[in-house]
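Return atomic coordinates for the entry below.
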Amino acid sequence: MRDASLLQLMWLASPALPIGGFAYSECFEAAVDSARVTTEADASIWLCDQLHLSLARCDLAVLAQAVSAWQNQDHTRIAALNAWVLQTRESSELRAQTEQMGRSLLEWLRNHTTASAAQIETLAALQPTYPLAFALAASSTGAALRDCLLSYAFGWAENMVQAAIKSVPLGQSAGQRILSSLSAEIPAAIDHALLLADTERQAYSPMLAILSAQHEIQYSRLFRS
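Residues are numbered from 1 along each chain as shown. Below is the predicted model of the structure:
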């Protein structure tokens, strides 16, 4: 991989990217509140399960198809994938998250040279979701598809580990151990995502949907989801 491509992917994966990822726990906070997650071991198992059962089958699978769609300027495909993401978010919180992060990444792209003006306007016309916005940013780096997915997955993992540290709560060393476990699982999750056809892609995670609905009315919370 060229140095510039690697640096761009590291930039996109960074928690410092100003798109608001730190504000979301993706129902993890509700799992803690309901005592489903109370320890470091619980948190590690929960996040690894979420990686394989939710992220790999949904966002990573979309991303795997969206990167090539952006590179091929397949606007019909891009619009269809974006619509699928919007339609399959199972709660208002989760939909608001992908929309807010999508809009924020769109604004970031407007101030960088990683995408053309035409591509940015195509994204802006879509009510952009985060996976489609990330796919545009990643597709413009020239990086290999697998590396784009690795960047997305690791960025998600870092944000979720920080959510675990704050909400369980856990220490930084525990967080690093969880991140190590997630990192070891990410390649297999990407292998799975790359093999999924449209008819196999899914966002069916009933417990996450239930917890998200509960989180919307949770009395005390740190996170927006």
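
For the nearest residue to residue 174 once chain neighbours are set aside, give its distance to residue 179.
Of all residues not flanking residue 174 in the chain, residue 40 sits nearest, at 4.5 Å (C-beta to C-beta, 6 or more residues apart in numbering). (C-beta placed from N, C-alpha, C; glycine too.) In this view, residue 40 and residue 179 are 12 Å apart by C-beta to C-beta, to the nearest Å.

residue ranges with poor pLDDT in the chain?
1 (pLDDT under 70).

What strand or helix carries the one residue sitting closest to the centre of the chain?
Closest residue to the average C-alpha location of the chain: residue 156 at 5.2 Å, with C-alpha atoms, centre = their mean. Of the helices and strands defined by DSSP states H and E, residue 156 is found in helix 145-167.

helix or strand right after that helix?
Heading C-terminal from helix 145-167, the first helix or strand you meet, by DSSP H and E, is helix 172-195.

who does that following helix touch, helix- and strand-wise?
helix 40-50, helix 59-71, helix 145-167 (3 or more C-beta pairs under 8 Å, 6 or more residues apart in numbering; DSSP states H and E).

Mind giving me the packing neighbours of whatever helix or strand comes next after it?
Helices and strands here follow DSSP H and E; after helix 172-195, the next one along the chain is helix 206-215. For helix 206-215, the packing partners by 3+ C-beta pairs under 8 Å, 6+ apart come out as helix 28-33, helix 92-110.

How is residue 18 assigned, secondary-structure-wise?
State at residue 18, reduced to three classes by DSSP: H, G, I helix; E, B strand; the rest coil: coil.

repeat for residue 115
Per three-state DSSP, the secondary structure class of residue 115 is coil.

before we move on, back to that, keeping just the C-alphas, turn the helix holding residue 156 into CSV.
The C-alpha atoms that make up helix 145-167 are tabulated as CSV, following Å, rounded to 0.1, in the frame of the first residue of the first chain:
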residue,chain,number,x,y,z
LEU,A,145,-10.9,-3.1,-0.6
ARG,A,146,-9.9,-5.3,2.3
ASP,A,147,-7.8,-2.5,3.8
CYS,A,148,-10.8,-0.1,3.6
LEU,A,149,-12.8,-2.6,5.6
LEU,A,150,-10.1,-3.1,8.1
SER,A,151,-10.0,0.7,8.7
TYR,A,152,-13.7,0.9,9.2
ALA,A,153,-13.8,-2.1,11.5
PHE,A,154,-11.0,-0.9,13.7
GLY,A,155,-12.4,2.6,13.9
TRP,A,156,-15.7,1.0,15.1
ALA,A,157,-13.8,-1.2,17.6
GLU,A,158,-11.9,1.8,19.1
ASN,A,159,-15.1,3.7,19.6
MET,A,160,-16.9,0.8,21.2
VAL,A,161,-14.1,0.0,23.5
GLN,A,162,-14.2,3.6,24.7
ALA,A,163,-17.9,3.3,25.3
ALA,A,164,-17.2,0.1,27.4
ILE,A,165,-14.6,1.9,29.4
LYS,A,166,-17.0,4.7,30.3
SER,A,167,-20.1,2.8,30.9
